[in-house]
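In: okay, predicted coordinates and the sequence, questions at the end:
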Amino acid sequence: MSHFQSGERIHLVDKKGRQYALTLKSGDRYQLSGHKIAHDDLIGKPDGSLVTLSGNKTMLALKPTFGDYVLKMPRGAQVLYPKDLALIPMWADVYPGARVFEAGTGSGALTMALLRAVGPSGLVVTYEAREDFGQTAMTNIERYMGPMPNLIPLRRNVYEGISLPEDGRPFDRLVLDLPEPWQVVPHAAQVLRSGGIYLSFVPTVPQVVQTVEALEKAMVFGMIETFETLLRTWSIQGRSVRPDHRMVAHSGFITVARKIESGLWPTAQAAEAAGEAAEDHEAREDDGR
């Protein structure tokens, strides 16, 4: 059975399902809207216990799931929603033992998802240009996962280039959550192994268009796909069954591609020329009619 320990992050949940995060510390007290409870009354209790604050306010004490933790943890940069964090390791095919490059680290949510996927035998190298974001991310990661010896966090600007680890081996996967991933595509082509997977996340249409164009022009990426995910929860109360009034709709576009030997698919320029030729042919046929 799992019990709460001093220094651990837990969530208190009220009757409406609202979650409140706190880090346990012996001797401290937690206060919520005038209701109080000593941390020592929580330390040692089993995960999933009911606890009583002053004023007979009853709450549920839980170790947060990864998704719950991400939504409540301190943040510098905006974090990805759990619906995207769940899909990214799958579509990037991040497997135990994989060598993964990530940029930027942000608040550390995606970094944690990648670390969970690669396991202790894998490696995650992450670039973050801002010192304050990097410090926040490392605090969040270590608070939830503890020290991670297979994580290499570096304060670097990924737009200026990517360095391979000391062993010189290329990366299996490359995952980007930053404003201009198209600037990284040439670097990705150099550090990804053949058959490796590129994935980037951007929120707007102009960004995703520029990203796909850069992948096509690199001439070493194929099987390019772009999609978004929508999450709609349902309210089920007896015979009253309906979608919830709110949903997590568009958050961003995920683009994936494989690094391949070129030749099977036409280059972007050739495809564009072929499209223009087809349009000219159709126009001449219309004139002939």
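Out: Sure, I can see it.

In: what segments of the stretch 101-250 of the chain are helices?
Out: Assigned by DSSP state H, counting those that start in this stretch, the helices in the stretch 101-250 of the chain fall at 109-118, 131-145, 185-191, 205-218.

In: of all these, which lies closest to Asp172?
Out: helix 109-118 (9.1 Å; Cβ to Cβ). Every residue, glycine included, has its C-beta placed from N, CA and C.

In: surely Leu115 and Leu151 touch.
Out: Yes. Shown here, Leu115 and Leu151 form a contact pair, counting by Cβ atoms under 8 Å, at 6.1 Å.

In: report the set of residues contacting both of those two.
Out: Common contacts of Leu115 and Leu151, defined by Cβ atoms under 8 Å, 6 or more residues apart in numbering, comprise Val124, Ile141.

In: quick one: which of the helices of the stretch 101-250 of the chain is nearest Thr255?
Out: helix 205-218 (5.4 Å).

In: so how far is that closest one off the chain centroid?
Out: Relative to its chain's centre, helix 205-218 lies at 20 Å (Cα atoms, centre = their mean, to the nearest Å).

In: going forward, begin numbering at 51 instead of 1
Out: Sure, I'll start counting at 51 from here, so that last one is helix 255-268.

In: got the buried residues for that helix?
Out: By neighbour count on 16 or more other Cβ atoms under 10 Å, the buried set for helix 255-268 is Gln257, Val258, Gln260, Thr261, Val262, Ala264, Leu265, Glu266, Ala268.

In: cool, and stretch 148-164?
Out: For stretch 148-164, using 16+ other Cβ under 10 Å, the buried residues are 148-164.

In: quick one: terminal-to-terminal distance for it?
Out: 10 Å (Cα to Cα, to the nearest Å).

In: any idea how far it is from the chain center?
Out: 7 Å.

In: before we move on, what about stretch 230-238?
Out: On Cα atoms, centre = their mean, the centre of stretch 230-238 falls 18 Å from that of its chain.

In: Phe271 contacts Lys309, doesn't it?
Out: Yes. Counting by Cβ under 8 Å, Phe271 sits close enough to Lys309 to count as a contact (6.0 Å).

In: any residues in contact with both of these two?
Out: Ala239, Tyr248.

In: more neighbours: those two, which one.
Out: A count of neighbours by other Cβ atoms under 10 Å puts Phe271 above the other of Phe271 and Lys309, at 25 against 22.

In: list the residues that contact the more buried one.
Out: Counting by Cβ under 8 Å, 6+ apart, Phe271 makes contact with Val235, Ala239, Tyr248, Leu265, Ala307, Arg308, Lys309, Ile310.

In: quick one: pLDDT of it?
Out: Listed pLDDT for Phe271 reads 96.

In: and if you look at the one 4 residues further on?
Out: According to the prediction, Glu275 has pLDDT 97.

In: next one: Ala318
Out: 56.

In: with adjacent residues omitted, what lies nearest to Pro203?
Out: Thr176 (5.3 Å; Cβ to Cβ, 6 or more residues apart in numbering).

In: and that neighbour, what are its bridge partners?
Out: Glu152, Pro203 (DSSP bridges).

In: was I right to think it contacts Ala159?
Out: No. The criterion here is Cβ under 8 Å, and Thr176 misses it with Ala159 at 11.7 Å.

In: how near is the closest residue in space to Gln260 that isn't next to it in sequence to Ala187?
Out: In this structure, Gln260 finds its nearest non-sequential neighbour in Trp232, 4.6 Å apart by Cβ to Cβ, 6+ apart. Separation of Trp232 from Ala187 (Cβ to Cβ, to the nearest Å) stands at 24 Å.

In: neighbour-wise, which of these two wins?
Out: Ala187 (29 against 20).
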